Each structure stands twice: as structure tokens, then as C-alpha cells.
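Engineer: Sequence plus predicted model, see below.
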Amino acid sequence: PAEEEEWQSDPFALAREDGRLVGRGACDMKGFLAVAMNAAARRSVQSLAHPLVLLFTYDEELGTLGARRFVDVWPEDVSLPGAAIIGEPTSLRVVRMHKGHMQLRLTLCGETAHSGYPHLGINAIEAAGRAITALAGLRDALASERPDLGAHFPEVPHVAFNIATIEGGRAVNVVPDRCVIRIGYRVLPGMKGSAIADRTRDVLAAALAPDEYELEVEGESPPLLVPDDAEVLSILSEEVCQTDSHSVSFATDAGWLQSLGLECAIWGPGDIAVAHKPNEWVPVEELQRCATHLDHIIERLCMTD
């Protein structure tokens, strides 16, 4: 959504100002998609020595749902290219690893009653309070740990935990019989989201009775770790004169696509710090550099044997 009052132009109509293109998604990641579509449109199928494929996915922000669906339905006997560039905003730095995102839904179950007779009901929000206290303890434990590859994420070198939303109650004179908490975890490469879900179940089991709650996995975006000798990384890094390795703490479609055997590099114009905010923008100069680099990469990977 783009409902904030701070928007200075129509968020769904691209605006140009001071060397920037402004609009919802301009940075994350419609700018790259425009560059990629134009790069493909400039070439004929007959000119390609190797396939050039554009893949567009839906609901990436809601848990990389489109990429997961693509992995689920793609026929095993139909080959894909070996390399993929995921055009997330990295300020044109080549990224080889990112954290995953595990999304859980915790439902606390109570029994409704008139608030004048609270002993006739069971308050689900009070159970939610106990659950939050238990989850805070798990958060502190996770923050003290240093998993493998944590050093590649110096700002948050551990599993990040977030109690994202809480919904419960219908009226001030009614004992609430239901409360829903949504929880997010950012897991590091090499870790399984299922292991974090199991730890969540353990701490909740110690704080709540079995009939007081239900825990469901709402979505999962796996972490990404591309071998540092992957060809797509080497070619991209050479193209932009990069010698070091980079990581990001957000999830991308690459987490799922890697399971199809694709070597995925994260690389695109724009700064993630301005994404999801009013007046989101991408520098025109970065789009132009991205187009030049992408042309060179296509020539090298797709136009020659």
C-alpha cells in the first residue's frame, strides 16, 4: 500500500525529479524489471546462442509466494538456464547471500463471557501475555547466539525475531475468546526454518496449556547462499569491478529458485533503505549503469558459444 500522507506525488504514476524516478516500487524492484524487459526487447530469439528468460513472480512481499508456486509446478523434465539475476535494490553491489524469513501465526484460544462475570470465561489476551513473555525469552536467547555465517551480517549476526501484529477482543465489556499473534524470524543461510518453529513450540509448551493455543507456519522464504565460485557471481563482479562479498538481511525469490538448480545473484539499482517508504525512488544514473552492465552480461552469457 501507499497511503502515507508524506507522498508528494501520485505513488502509482512515475514522476521524475532531480535525477530520480519516484513511485511505489520504483526502487523495489520495478526499475530493474524495466531495464530487464528493455534489454530483452532489443534482441531477437535468432540472435541468442543460449536462452534468455524473464521470470515475473507475484506476492513476493507476502512471503515469495509466486516463486514458491513456480518451484512447485515447474516440470522436472524442462530445463532452465543455469544462472539468474534477481534484481533487488543493492545499489549495484553483487550479493551472494541473504537471510530467510519464517512467518508463524499463533492463535490463543479462550472462552467468551460478559465482563461483569469474568469467572465464566477464559481471557485469550491474558494467555497472549504469557506467550509474549515466553517468546521474549526465546528472542534474547537467539540474540546471544552466533550461528555459522553470522559474521557476514554484522548489524544483526543472529536470527532476528519480531512480534509483528497482535489482534484480539471485540468490545470492552466482553471477555475475549481469541487472540492472534503473528511472528517473523529472519534465519541465516545454512539454517532451517523448521528448527526455529520447533524451538518456538518448545517455549510455548512450557508457558501454555495444550488447549490454549495453536501454532501454524504461515509462510517461509528460505535463506540464500551461493558458492563464491559460481559463474554468475564471477561475471557480475568482474563487470562492476567488485572484489569483496556482500550479504543482505531481506529475503528474495532466490531462496526458492535455488532449489531448481539456479545459481542466483542478487543485483540491482536502488537502495533498499528507501523501499516501502513514501516517495520511494531510484536514481536515473543507476538505471542507466544497470542497463549498460546488463547488456554486457547478456552478450557474454547468451550471445556467444
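Structural biologist: It's in.

Engineer: For the protein, which segments count as helices?
Structural biologist: Remark: helices assigned in the chain by DSSP state H are 31-41, 65-73, 124-144, 193-207, 231-240, 254-257, 284-302.

Engineer: hey, which of the ones you listed is tucked in deepest?
Structural biologist: A comparison of the helices of the chain by mean neighbour count, using mean count of other Cβ atoms under 10 Å, puts helix 254-257 on top with a mean of 26. Every residue, glycine included, has its C-beta placed from N, CA and C.

Engineer: Would you mind confirming that V156 makes contact with S247?
Structural biologist: No. Contact status for V156 versus S247: not in contact, 10.8 Å apart, counting by Cβ atoms under 8 Å.

Engineer: These two - which one has more neighbours?
Structural biologist: In terms of neighbours (other Cβ atoms under 10 Å), S247 is the more surrounded of V156 and S247; the figures are 20 against 13.

Engineer: circling back: mind putting the helices of the chain in JSON lines, mean pLDDT included?
Structural biologist: Supplementary listing: those in JSON lines, determined by pLDDT from 0 to 100:
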{"stretch": "helix 31-41", "mean pLDDT": "96"}
{"stretch": "helix 65-73", "mean pLDDT": "95"}
{"stretch": "helix 124-144", "mean pLDDT": "96"}
{"stretch": "helix 193-207", "mean pLDDT": "95"}
{"stretch": "helix 231-240", "mean pLDDT": "94"}
{"stretch": "helix 254-257", "mean pLDDT": "95"}
{"stretch": "helix 284-302", "mean pLDDT": "95"}
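
Engineer: wait, G255 sits on G219?
Structural biologist: No. G255 is not in contact with G219 according to Cβ under 8 Å; the separation is 11.6 Å.

Engineer: For N123, what are phi and psi?
Structural biologist: phi -80, psi 110 (degrees, to the nearest 10).

Engineer: Just give me the neighbour total for it.
Structural biologist: N123: 21 surrounding residues under other Cβ under 10 Å.

Engineer: Provide a list of residues in contact with it.
Structural biologist: If a contact means Cβ atoms under 8 Å, 6 or more residues apart in numbering, then N123 has G110, V175, P176 as its contacts.

Engineer: same thing with H293?
Structural biologist: Applying Cβ under 8 Å, 6+ apart, one finds that H293 lies in contact with L92, L236, E239, V240.

Engineer: Between the residues you listed, which sits nearest T57?
Structural biologist: Ranked by distance to T57 (Cβ to Cβ), those are led by L236 at 20.6 Å.

Engineer: Wait, that closest one touches I266, no?
Structural biologist: No. Shown here, L236 and I266 do not form a contact pair, counting by Cβ under 8 Å, at 9.7 Å.

Engineer: Identify the contacts common to those two.
Structural biologist: Common contact partners of L236 and I266 (Cβ under 8 Å, 6+ apart): V94.
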